[in-house]
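Peer 1: Pasting a predicted model and its sequence here:
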Amino acid sequence: MLLFAYGTLKQGGKYHCYLEEAELVEEQATAKGILYDTGMGYPAMVLSDGGQIEGEVYEIPDVLWPALDFLEDYSGNPETDMYDKVTVEVEAGNNSMETIVYIAKSEKLLKERIETGKWDITHSKV
């Protein structure tokens, strides 16, 4: 399955090490949504036709999904999870592809909108 990475999982990000066994499929891709700074060293995304988010697309081996779910605070329990795991269409060049993306469930995560739609990895706390 493909993953759309828009924050700390991107190349150079503090959690990119989680993707060492993954294959980079697209270095530049976009998804419809709005990006927020959580104030905690990582971004949060919400789906929206009113914005565009830049990210990378990775082919994720099945063995890596449990670690990614843990990192993204996703267990499949809608009452306790901070993020949800959904399928979205992303664009890369002239290609469109379905990917998994982690989106914010809690409005508490949405501190400051990032107008550019691009998370600068230098914002990540190491």
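Peer 2: Nice, I can see it. Numbers count the residues shown, from 1 in each chain.

Peer 1: Quick one: the helices in this structure, in order.
Peer 2: 65-71 (DSSP state H).

Peer 1: Can you pull out the low-pLDDT segments for it?
Peer 2: 122-126 (pLDDT under 70).

Peer 1: What are the boundaries of the strands in it?
Peer 2: Here the chain has its strands, by DSSP state E, at 2-5, 23-32, 34-37, 43-46, 52-59, 83-92, 95-104, 112-113.

Peer 1: Enumerate the beta-bridge partners assigned to the spatially closest residue to Asp49 that is not a sequence neighbour.
Peer 2: Sequence neighbours aside, Lys32 is the residue nearest to Asp49 in space, at 5.5 Å (criterion: CB to CB, 6 or more residues apart in numbering). Quick note: C-beta positions are derived from backbone N, CA and C, even for glycine. Per DSSP bridges, residues listed as beta-bridge partners of Lys32: Gln52.

Peer 1: right, and Leu64 touches Tyr18 too?
Peer 2: Yes. Counting by CB atoms under 8 Å, Tyr18 is a contact partner of Leu64 at 7.0 Å.

Peer 1: more crowded one of these two?
Peer 2: A count of neighbours by other CB atoms under 10 Å puts Tyr18 above the other of Leu64 and Tyr18, at 20 against 17.
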